[in-house]
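Student: just a sequence and a predicted model for now, questions to come.
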Amino acid sequence: MVKFMGVTGMAEKEPRMAKVERLENDYTRQLDRQHAAANHHHQWLGKRRMRRAIRIVAFFAFFTLILGVQLVRTNASLHRANQQVVTSKQALVKTKATNDKLNLQVKQLNNQDYLGQLIRSKYYYSKSNETIYSLPGDHASDVTAK
């Protein structure tokens, strides 16, 4: 306990008590046993709570690990699927370009003038009273290549 004295602000402490000896009788021994039992019970509860906390943390860690692995596997699967989509889109673009070329060829083959030119240039057919001359530098395999 601290007492404040006057205006100077100096604190004055009460004098300390002299050493007190402990009595060794039944009452103090009973109090010691009660304190020891209470301490033992408190330590036992602390250990029990610690074990319970460790089990709970281990349980959540186990499920977190399982869910984490599942998440990683799902992410890898998604990545593979996205790569397949990109590859398929590239193949689709190439296939559409080929389809457009083939459609153009079909259109041209339906045109009688083009068909006549193609047959005359490729197979050296001629119209009546027409002469075909093959020159050494003329190696075009298609009318459109000239």
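Tutor: That came in fine, so what should we check first?
Student: rest of the way, CA atoms for contacts and neighbours
Tutor: Fine.
Student: pLDDT weak spots in this structure?
Tutor: 1-15, 138-146 (pLDDT under 70).
Student: ranges for the helices of it?
Tutor: Ranges of helices in the chain, per DSSP state H, are 26-110, 112-123.
Student: list the buried ones in the shortest one?
Tutor: It stands for helix 112-123. In terms of neighbour count (16 or more other Cα atoms under 10 Å), helix 112-123 has its buried residues at 117-118, 121.
Student: output those as a markdown table; include the columns distance to N129.
Tutor: Shown next, in a markdown table, are these (distance: Cα to Cα, whole Å):
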| residue | distance to N129 |
| --- | --- |
| Q117 | 16 |
| L118 | 18 |
| S121 | 16 |
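Student: most packed of the helices of the chain?
Tutor: Among those, the stretch with the highest mean neighbour count (mean count of other Cα atoms under 10 Å) is helix 112-123, at a mean of 14.
Student: using CSV, write out every CA atom in it.
Tutor: Listed next in CSV are the C-alpha coordinates belonging to helix 112-123 (Å, rounded to 0.1, in the frame of the first residue of the first chain):
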residue,chain,number,x,y,z
GLN,A,112,-18.0,-24.9,-117.4
ASP,A,113,-15.3,-22.5,-118.6
TYR,A,114,-13.0,-23.2,-115.7
LEU,A,115,-13.6,-27.0,-116.1
GLY,A,116,-12.8,-26.8,-119.8
GLN,A,117,-9.5,-24.9,-119.1
LEU,A,118,-8.6,-27.4,-116.4
ILE,A,119,-9.1,-30.4,-118.6
ARG,A,120,-7.2,-28.8,-121.5
SER,A,121,-4.2,-27.7,-119.4
LYS,A,122,-3.9,-30.8,-117.2
TYR,A,123,-4.8,-33.6,-119.7
